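> Sharing a model that was predicted from the sequence below.
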Amino acid sequence: MAISASQNGTDIAALLQTAPDKYVSLGDLLKYNKPDNRDLLIQTYGDQGITGFLELTGATRSAGTADEVQYWEEGRLHKTVAYASATNNVVTVADNDPAVIRNNDVLLFPDGARGVVTAKDTSGTTFTVAPMNGGTAIADASAGVAVIIGNVYAQGTDQPTEFYNTDVVKRTNPFIISKESYEVNGSQATNIGWINVGNGDYRWYVKGEMDTRKRFMNQREMMMLLSQKVDADNVALADGVTTGSEGYFSAIEDRGIVAAGTFEAVSGSTALAEFDEIVLLLDAQGAPSEYAMYVNRQTSLNIDDMLANGIATATTAGLAGQFGAFNNSPDMAVQLGFKSFTRGGYTFHKHDWKLLNDPTLLGATGHKFKGAMVPMSQVADARTGVKSPALEMNYKEANGYSREMEHWVTAGGVLGFNNDTKDTARFHYRSEYNLITRAANQHVLITS
């Protein structure tokens with residue numbers, strides 16, 4: 001009888017072409033040769049991390065101990081009166097504020113006329129003004145804003161019965177909780193691939209875990225920049241979603257300077273006029289003299305064109321104060337990728353912002369946001385006088401437990417973790433954080 005042996009699996013003999021007429025070269029003897037593999041993983045899109053903006057602009061990490069952070073901002077020291085109309089020297093208040101004006105206050109109107117408040121109604125919505133020049137210059141004035149320049153009293157009269165308080169605004173911002181996970185099963189955790197994912201490691205799941213962590217960090221920074229508070233009364237929230245938190249851009253949109261369509265023209269004179277408009281607005285807000293500009297590539301090129309046309313000066317020699325944010329070192333500014341110039345007594349350090357250039361993020365075609373201008377100074381708290389950075393990141397922390405960046409692994413024996421029964425290793429990430437934007441009126445958001 002014939003005796004033969006067989007085995008399960010690939011028939012090795014079938015891979016061999018045993019007769020010389022079956023192959024044309026020795027290299028064809030085997031169908032499967034080991035590939036000439038290059039194990040370097042190429043960063044096709046460069047470094048895709050976008051974090052670092054908040055640290056570089058002076059933000060600090062603080063320990064949050066409640067569900068929200070509260071802070072205080074003072075109002076204007078001097079008072080103005082917004083009026084809807086002025087007819088025959090009777091002025092109607094625009095905002096219906098009964099405490100906005102007092103008898104004997106002296107007002108300066110937009111056309112230069114000065115008048116003394118002689119009477120006001122009980123509701124404070126209208127008052128009568130006597131022109132100081134004896135004429136009728138204040139009569140029939142259109143809506144506008146009058147400045148209270150002081151007051152005047154007769155001899156022997158009593159003190160004012162009313163007084164002005166400097167406004168102090170209480171602001172609050174809740175914390176955001178963000179979470180992410182990544183999972184690999186035990187079999188895949190032991191598979192070796194062709195690609196060196198870093199430090200000589202050829203396990204592909206390591207690359208997946210690193211990308212998940214970087215994506216989580218990027219998204220956490222974007223939430224601090226772009227998050228909004230939610231109107232819970234008018235917006236249907238998903239289960240478990242809080243009221244949201246105010247991000248950096250939202251704070252500027254609400255109470256800062258929004259420069260729409262600025263620097264989009266390539267004309268140097270047009271760009272200069274737009275830039276001067278921003279400078280005038282900053283001056284009106286008592287802004288500090290030094291700013292960091294983070295802009296997308298096109299805006300950066302347009303500003304470069306403005307400077308190249310000789311309209312603004314890029315000369316910084318001998319002006320050490322212009323580099324206060326860089327330890328008065330122009331070299332440090334250059335090393336960090338900043339280009340500096342001055343205009344109207346202000347110094348601007350321009351830098352490209354990767355977040356605004358990545359086409360999968362805010363660099364998508366037609367996206368609204370083009371850049372931001374951040375004051376590089378500390379802001380004094382209205383209540384305590386303590387100085388803090390204009391931007392401040394906060395993370396929850398108490399008694400040694402920090403929720404800045406929590407990371408843990410659950411697994412059923414996979415990778416040495418024995419706290420579950422499932423044949424997987426699951427990587428978890430969690431952070432509880434928020435961002436405070438102090439003096440948002442001094443920040444600029446550049447949009448299309």
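Arrived safely. Residues are numbered from 1 along each chain as shown.
> where does the stretch 201-350 of the chain have low pLDDT?
231-242, 265-269, 310-338 (pLDDT under 70).
> how does it look with 80?
Low-confidence segments of the stretch 201-350 of the chain (pLDDT under 80): 230-243, 264-271, 306-339.
> which stretches of it form helices?
Using DSSP state H, counting those that start in this stretch, the helices assigned to the stretch 201-350 of the chain run over residues 204-226, 248-255, 268-284, 297-308, 330-335.
> Would you mind finding the most buried of those?
helix 248-255 (a mean of 20; mean count of other Cβ atoms under 10 Å). For every residue, glycine as well, the C-beta is placed using N, CA and C.
> is it possible to export the helices of the stretch 201-350 of the chain to TSV including distance to E162?
Shown next, in TSV, are the helices of the stretch 201-350 of the chain (distance: least, Cβ to Cβ, whole Å):
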stretch	distance to E162
helix 204-226	43
helix 248-255	28
helix 268-284	28
helix 297-308	49
helix 330-335	51
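> how about these, which one is nearest E73?
helix 248-255 (9.2 Å; Cβ to Cβ).
> sorry, back to before: who wins for proximity to F127 among the helices of the stretch 201-350 of the chain?
F127 lies closest, by Cβ to Cβ, to one member of these: helix 268-284, at 26.3 Å.
> Which other helices and strands does the closest one contact?
If contacts are counted by 3 or more Cβ pairs under 8 Å, 6 or more residues apart in numbering; DSSP states H and E, helix 268-284 sits against strand 257-260, helix 297-308, strand 339-343, strand 444-447.
> As JSON lines, these with distance to I436 would be great.
Formatted as JSON lines, the helices and strands packed on helix 268-284 follow (distance: least, Cβ to Cβ, whole Å):
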{"stretch": "strand 257-260", "distance to I436": "18"}
{"stretch": "helix 297-308", "distance to I436": "26"}
{"stretch": "strand 339-343", "distance to I436": "27"}
{"stretch": "strand 444-447", "distance to I436": "17"}
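> I'd like to know which of the ones you listed is closest to L225.
Using Cβ to Cβ, the nearest of these to L225 is strand 444-447, at 10.6 Å.
> now the strands for the stretch 301-448 of the chain?
For the stretch 301-448 of the chain, strands defined by DSSP state E, counting those that start in this stretch occupy the ranges 339-343, 346-352, 369-375, 378-380, 387-389, 391-398, 401-402, 406-411, 424-437, 444-447.
> Check which residues of the longest one are buried.
For strand 424-437, burial by neighbour count (16 or more other Cβ atoms under 10 Å) applies to 424-427, 429-437.
> Report the distance from the one helix or strand A130 maps to to the chain centre.
Assessed by DSSP states H and E, A130 sits inside strand 126-131. Its chain's C-alpha centre and that of strand 126-131 lie 46 Å apart, by Cα atoms, centre = their mean, to the nearest Å.
> try stretch 153-171
On Cα atoms, centre = their mean, the centre of stretch 153-171 falls 39 Å from the chain's centre.
> mind checking how far Q188 is from V129?
Distance, Q188 to V129, by Cβ to Cβ, to the nearest Å: 81 Å.
> Could you do I257 as well?
I257 is 32 Å from V129, by Cβ to Cβ.
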